[in-house]
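Enquirer: make a model of this:
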Amino acid sequence: MNIFVGIILATIISLINFIIVDTYFGLPEQPGVKGADIVGHDIEKRKGDLSGGFFQGNILCSPDASAGTLISSIAVMVCGFQGGLIAALIVFIGNRLCADPGYAGTTGTLTMTVLIFIFSTFIGITPEMFICGAVIAILLIQGLYHKYSSKFLGKIAKKMNRYTNEL
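Expert: Model prediction:
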């Protein structure tokens with residue numbers, strides 16, 4: 001597979017994986033840790049979306065599915081499928097260390113491990129392409145412009161009925 005096409009597809013797959021998993025587990029509804037509360041309200045003050053801000057704060061402050069997406073990509077490249085399972089254990093431990101009550105990171109790591117296995121076996125998207133794709137996906141959500149990415153995440157949260165009730 002062409003490397004550029006592979007990275008673009010890996011980015012899309014990574015984005016879909018961690019946005020769906022993190023939203024399903026309620027990251028936009030409320031902050032799971034104190035730092036996520038601060039980030040969410042700061043983004044709201046800058047005319048962003050509060051739910052999207054909570055989502056961004058949660059993935060910034062504790063290992064959720066975005067971190068799991070990247071870590072599983074690296075682990076699968078280094079150790080194969082079982083590396084992804086080891087990565088899930090590491091993310092699970094990281095969540096407990098952060099006192100994060102959710103399981104989004106562990107679930108995101110496991111789903112990404114399976115996705116990497118399927119797409120690398122049948123389509124030819126290598127784990128290295130998934131590493132690049134995961135980094136780009138995280139940059140799109142966390143690094144470019146918080147106001148608009150938080151609004152995008154807020155719209156997804158509304159569609160999945162995971163929007164915050166906080167006023």
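Enquirer: only C-alpha atoms from now on, for both contacts and neighbour counts.
Expert: Will do.
Enquirer: list the contacts of the spatially most central residue of the chain.
Expert: Nearest to the mean C-alpha position of the chain, counting by C-alpha atoms, centre = their mean, stands residue 66 at 2.1 Å. The contact partners of residue 66, taken as C-alpha atoms under 8 Å, 6 or more residues apart in numbering, are 14, 18, 19, 22, 59, 105, 108, 134, 138.
Enquirer: now residue 123
Expert: Counting by C-alpha under 8 Å, 6+ apart, the residues that residue 123 touches are residue 1.
Enquirer: now it: how far from residue 5?
Expert: 11 Å (C-alpha to C-alpha, to the nearest Å).
Enquirer: that older thread, report the secondary structure state of the residue nearest to the centre of the chain.
Expert: helix (DSSP: H, G, I helix; E, B strand; the rest coil).
Enquirer: now swap in the one 3 residues further on and tell me
Expert: Going by three-state DSSP, the secondary structure assigned to residue 69 is helix.
Enquirer: okay, now it: neighbour count?
Expert: 37 (other C-alpha atoms under 10 Å).
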